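**Q** Quick one, structure for this:
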Amino acid sequence: MRYMLSLFILLCTAFANSASAQEKRVAILVSSYGEEGRENLSYDLEELAQAYLVLYENGVKIDIISPKGGPVLMHNKKDDLPYIQKFKNETPALKQLRATLASDTVTSEGYDGILIVGGDGAMFDLPVHEPTTFLINEFAAANKPITAVCHGPAALVNAKAADGSYLISGKRVNSFTNLEEQAFGGDVIDQLPFLLEDKLKERGAIYMKNAPMLPYVAVDGSLITAQNPMAVANAAEALLVQLGITPKERQLFKDEATMKLVQEARISGPYLIDVALKKSPELYDLNYLALYGFYSYKLAESDEAKKLELEIMQTVSRHFSHPMYSYGLIEALNEQGYTNKAHAEFNRATAMYPESQELQSLRVLFE
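**A** Here you go, the predicted model:
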């Protein structure tokens with residue numbers, strides 16, 4: 001009898017988990033703002049693809065919606081990434097992007113949650129499109145999970161709770177930070193209607209953040225917000241948990257794995273980067289690693305942080321070589337008083353890149 005009871009419980013649990021995954025439906029909201037000629041003011045394809053794949057591979061049914069509905073800009077610049085090819089060729093996503101559902105034709109009733117994709121376009125249409133805000137209000141009123149990544153939280157700045165207060169007031173909230181905007185949004189920052197970090201704070205949010213480029217996901221009740229593209233997959237998994245689904249084991253996306261490695265190295269020591277690249281270099285993206293190394297020292301806000309970022313920068317230099325990276329490393333070493341190391345790096349880099357005018361301009365530091 002005990003055996004039969006145990007078997008019955010196992011079968012019921014398996015059936016419930018399977019049914020739960022099959023029955024869940026999520027709306028993914030993207031900006032309609034981008035168009036040919038201003039692709040940089042659109043939704044972020046990489047964020048969309050990563051979020052979509054995490055949900056799709058866990059059995060969640062997905063609709064893509066946008067403020068205007070209909071076709072949205074189709075990005076091709078990252079077609080060399082394997083997961084972008086998987087997104088485009090092994091899911092219904094392309095068909096859905098050619099015929100997105102308009103916000104004013106959708107209600108929260110047919111969905112278990114909503115995920116809002118970032119990209120600079122999200123700053124322009126998502127906060128001010130009334131049907132989109134109304135839809136988000138519906139999800140909030142029904143206490144259904146709302147997930148917003150990178151610039152996606154811009155869609156929340158005018159959303160209201162049932163009592164008329166701002167939805168994010170008093171909530172722990174995360175987004176693309178001012179520092180990240182200043183470092184990486186130079187081509188559009190003057191066009192933005194506001195800085196997202198500032199606006200979220202203005203609306204009463206308890207603003208949470210990690211160092212620039214590193215992942216962070218804030219969860220407050222049914223509200224999930226993520227800092228940057230490196231945190232998108234984590235945010236999608238946090239949404240799965242709120243939907244009652246246990247996320248499947250997966251291989252991390254390369255950019256995600258790279259910044260996770262950096263985050264661990266900042267805590268346990270930069271030697272972890274050497275170890276990881278020795279063991280499994282194919283899991284990581286050296287370009288993202290170099291991007292972090294190049295910018296992190298400049299963006300560090302204290303002397304202690306600068307010393308740590310310089311150590312990571314030096315570690316990365318053992319695996320990546322470029323004249324501008326060496327330029328930044330030499331400047332940082334010199335600024336921190338490591339004159340001999342700066343000079344040694346200068347000699348090495350100028351021997352490797354004798355035509356680099358940027359490197360040659362540093363000669364005055366050692367005369």
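
**Q** Which stretches in this structure count as strands?
**A** Remark: strands assigned in the chain by DSSP state E are 25-29, 61-66, 101-102, 113-116, 146-149, 172-173, 206-207, 217-220, 223-226.

**Q** For the last one, name the packing helices and strands.
**A** So the one you mean is strand 223-226. The elements that strand 223-226 packs onto, with contact taken as 3 or more Cβ pairs under 8 Å, 6 or more residues apart in numbering; DSSP states H and E, are strand 146-149, strand 217-220, helix 232-242. (C-beta placed from N, C-alpha, C; glycine too.)

**Q** returning to what we had before: can you tell me which of the strands of the chain is most buried?
**A** Sort these by mean neighbour count, taking mean count of other Cβ atoms under 10 Å, and strand 146-149 sits at the top with a mean of 30.

**Q** What's the mean pLDDT across that strand?
**A** In this model, strand 146-149 has an average pLDDT of 98.

**Q** Remind me what it packs against, helices and strands.
**A** strand 113-116, helix 130-141, strand 223-226, helix 232-242.

**Q** mind putting those in a markdown table, mean pLDDT and distance to Tyr52 included?
**A** Shown next, in a markdown table, are the helices and strands packed on strand 146-149 (pLDDT from 0 to 100; distance: least, Cβ to Cβ, whole Å):
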| stretch | mean pLDDT | distance to Tyr52 |
| --- | --- | --- |
| strand 113-116 | 98 | 9 |
| helix 130-141 | 98 | 18 |
| strand 223-226 | 98 | 15 |
| helix 232-242 | 98 | 8 |
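
**Q** Out of those, which is closest to Asn89?
**A** helix 232-242 (19.4 Å; Cβ to Cβ).

**Q** who touches Ser108 in this structure?
**A** 114, 135, 138-139, 141-142, 144 (Cβ atoms under 8 Å, 6 or more residues apart in numbering).

**Q** ok, it to Ser66 distance?
**A** Per Cβ to Cβ, to the nearest Å, Ser108 is found 16 Å from Ser66.

**Q** can I assume Asp63 is in contact with Arg25?
**A** Yes - contact criterion Cβ atoms under 8 Å: Asp63 and Arg25 qualify, at 7.1 Å.

**Q** Overlap in contacts, these two.
**A** Tyr111.

**Q** buried residues in stretch 295-311?
**A** Residues 295-297, 299-300, 306, 308-311 are the ones in stretch 295-311 that count as buried (16 or more other Cβ atoms under 10 Å).

**Q** Let's see stretch 61-73 as PDB, backbone CA atoms only.
**A** Taking C-alpha atoms only, stretch 61-73 is exported to PDB below (Å, rounded to 0.1, in the frame of the first residue of the first chain):
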ATOM      1  CA  LYS A  61       4.300  29.700 -24.500                       C
ATOM      2  CA  ILE A  62       5.200  33.200 -25.700                       C
ATOM      3  CA  ASP A  63       3.600  36.100 -27.500                       C
ATOM      4  CA  ILE A  64       5.500  39.200 -28.600                       C
ATOM      5  CA  ILE A  65       3.700  42.500 -28.200                       C
ATOM      6  CA  SER A  66       4.700  46.100 -28.900                       C
ATOM      7  CA  PRO A  67       3.000  49.500 -28.500                       C
ATOM      8  CA  LYS A  68       2.100  49.800 -32.200                       C
ATOM      9  CA  GLY A  69       1.800  46.100 -33.100                       C
ATOM     10  CA  GLY A  70       2.700  44.700 -36.500                       C
ATOM     11  CA  PRO A  71       6.200  44.300 -37.700                       C
ATOM     12  CA  VAL A  72       9.100  45.700 -35.700                       C
ATOM     13  CA  LEU A  73      12.700  46.300 -36.900                       C
END
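
**Q** chain center to it, what's the gap?
**A** 20 Å (Cα atoms, centre = their mean, to the nearest Å).

**Q** same check, this time on stretch 77-84
**A** So, by Cα atoms, centre = their mean, the centroid of stretch 77-84 is 16 Å from its chain's centroid.

**Q** Likewise for stretch 26-39?
**A** Worked out by Cα atoms, centre = their mean, stretch 26-39 lies 16 Å from the chain centre.

**Q** Please measure how far the first residue of it sits from its last one.
**A** In stretch 26-39, first residue to last residue: 26 Å (Cα to Cα, to the nearest Å).

**Q** Where does the prediction get shaky in the protein?
**A** Low-confidence segments of the chain, defined by pLDDT under 70, are located at 1-22.

**Q** so what's Ser66 up against?
**A** Residues near Ser66 by Cβ under 8 Å, 6+ apart: 29-32, 72, 100-103.

**Q** Closest to Ala211 out of the residues you listed?
**A** With Cβ to Cβ as the yardstick, the closest approach to Ala211 among those comes from Ser31, at 26.6 Å.

**Q** My guess is the closest one contacts Leu45. True?
**A** No - counting by Cβ under 8 Å, Ser31 stays clear of Leu45, with 11.5 Å between them.

**Q** Burial check on Leu359, number of neighbours?
**A** Residues near Leu359, counting by other Cβ atoms under 10 Å, number 20.
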